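J.: Give me coordinates for this.
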Amino acid sequence: MIRRLLELYDYRELVLNLVVRDLKVRYKNSVLGVLWSLLNPLAMMAVFTVVFTVMLPSNTTPNFPVFVLCGILPWNFFRDSLMGAIASIVNNAPLIKKVYFPREALPVSVILSNLVNFLLALIVLFAMILAFRMPLTRWAWLLPVVILTQVCFTTGLGLFLSTANVFYRDTAMIMEVVILAWFFLTPVFYPIDVLPQQRLLLGMTLDVRRLVYILNPMASVIATYRVILYQGAPPAADFFLRTVVTSIGVLVVGYWFFLRHRKTFAEEV
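T.: Okay, here's the model as predicted:
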C-alpha cells in the first residue's frame with residue numbers, strides 16, 4: 001500500500017490535471033462560474049432558515065443560519081465527492097483501457113476537485129460568522145485537521161464504492177437512495193438534542209444520541225465542525241480521536257479493497 005501511495009505521488013501532475021479538468025467541466029458554459037460554490041450553500045441556508053425559523057418558529061437554535069452552514073457545507077462536500085468517486089472508474093473506461101496510471105487517481109481527483117469547491121464555500125461560512133458577530137476562537141485552527149479527517153473518510157468510502165460499482169453497476173443507483181436517507185439521519189439541519197436521549201428497544205435501553213455518533217461517522221465529523229466554529233469550543237479529545245481513528249480505518253480498508261481488484265478494472269469496464 002505504501003508503494004502504491006508513492007506511485008500515486010509520482011503521478012501528482014496527472015491528478016492535478018484531472019482536478020483541473022473536473023473543475024472546468026463543472027463550470028463550463030456557466031455564467032456565474034465558481035460563484036455557484038458560494039450561491040448554492042447560501043440558497044440552501046436560506047431555505048432551511050425560512051422553514052425552521054419562520055414556518056416552524058418553535059426552533060430556538062441561536063444564529064440558525066450559521067448552525068445550518070456548519071452542517072450543510074461538509075455534507076455537500078461529502079455527498080458530491082462520494083457520488084462522483086463512485087462513477088469515476090466506469091466513466092473513464094476508455095482511458096483505463098488505453099493508458100497505464102494509478103487507477104486510484106480517478107476517484108482521488110474527484111474528491112480533491114470537490115475539496116476546492118468546499119474551501120471556496122467556507123468563505124460564505126466565515127462571512128456569516130462575522131455578520132452574526134460570533135467570535136472565532138483559537139479552536140478554529142483545528143479546521144484543517146477536521147477537513148483532513150473528513151477527506152480520509154470520504155476517500156476510503158469512495159475507493160471502496162467505486163470498486164464495487166465496476167462489478168455491480170447498481171451501486172451508484174443504490175447509493176443515491178442511501179445518501180438521501182443518510183442526510184436525514186445525520187444532524188445536518190437539526191441539533192442532536194432533538195433526538196431522545198434513550199429509547200427502549202427489545203427490552204434494551206439504547207443511548208440514541210451516542211449510537212448516532214458511533215454508527216454514523218459523518219455525524220461525528222459535522223459535530224466537530226460545529227464545536228470549533230459554531231460553539232468556539234474544543235472538541236472532546238476522546239470523541240475527536242475516535243472520529244480520526246474511524247476515518248483512517250475506513251481509508252485503509254477502502255484502499256486495500258481498491259488495490260485488490262484494480263487489475264481487473266480494464267476487463268470489467
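
J.: which residue sits farthest out from the middle of this protein?
T.: Outermost residue of the chain with respect to the C-alpha centroid, by CA atoms, centre = their mean, is Gly203; its distance is 35.5 Å.

J.: And stretch 19-30, how far out from the chain middle?
T.: Taking CA atoms, centre = their mean, to the nearest Å, one finds the center of stretch 19-30 at 20 Å from the center of the full chain.

J.: Please disregard the earlier target; I meant stretch 202-222.
T.: Remark: stretch 202-222 is offset 19 Å from the chain centroid, using CA atoms, centre = their mean.

J.: just stretch 140-148 next, same as before
T.: Distance of stretch 140-148 from its chain centroid, counting by CA atoms, centre = their mean, is 14 Å.

J.: Equivalent analysis for stretch 258-269, please.
T.: Relative to its parent chain, stretch 258-269 has a centroid offset of 25 Å by CA atoms, centre = their mean.

J.: Over to stretch 15-31?
T.: In this view, stretch 15-31 has its centroid 19 Å away from the chain centroid, taken as CA atoms, centre = their mean.

J.: Mind listing what's buried along that stretch?
T.: The neighbour-count check on stretch 15-31 (16 or more other CB atoms under 10 Å) flags 15, 18-19, 22-23, 26-27 as buried. (Glycine included, C-beta is placed from N, CA and C.)

J.: for the stretch 51-200 of the chain, what spans make up the strands?
T.: In the stretch 51-200 of the chain, the strands defined using DSSP state E, counting those that start in this stretch lie at 198-201.

J.: quick one: the helices in it?
T.: Per DSSP state H, counting those that start in this stretch, the stretch 51-200 of the chain carries helices over the ranges 64-91, 93-98, 105-131, 143-167, 170-185.

J.: on contacts alone, who are the packing partners of the fourth one?
T.: Contacts of helix 143-167 with other secondary structure elements, assessed using 3 or more CB pairs under 8 Å, 6 or more residues apart in numbering; DSSP states H and E, are made with helix 64-91, helix 105-131, helix 170-185, helix 217-225, helix 237-261, helix 265-268.

J.: shaky segments in the chain?
T.: Applying pLDDT under 70 to the chain flags the ranges 29-34, 36-37, 56-59.

J.: Just give me the residue closest to the centre of it.
T.: Taking CA atoms, centre = their mean as the criterion, Phe78 is the residue nearest the geometric centre of the chain, at 1.9 Å.

J.: Quick check: the gap between the spatially closest residue to that residue that is not a sequence neighbour and Thr243.
T.: Of all residues not flanking Phe78 in the chain, Thr154 sits nearest, at 5.5 Å (CB to CB, 6 or more residues apart in numbering). Counting by CB to CB, to the nearest Å, the gap from Thr154 to Thr243 is 13 Å.

J.: got a list of contacts for stretch 119-129?
T.: 34, 37-38, 40-42, 45, 65-66, 69-70, 73, 76-77, 136, 229 (CB atoms under 8 Å, 6 or more residues apart in numbering).

J.: Most neighbours among those, which one is it?
T.: Greatest neighbour count in the contacts of stretch 119-129, by other CB atoms under 10 Å, goes to Leu69: 29 neighbours.
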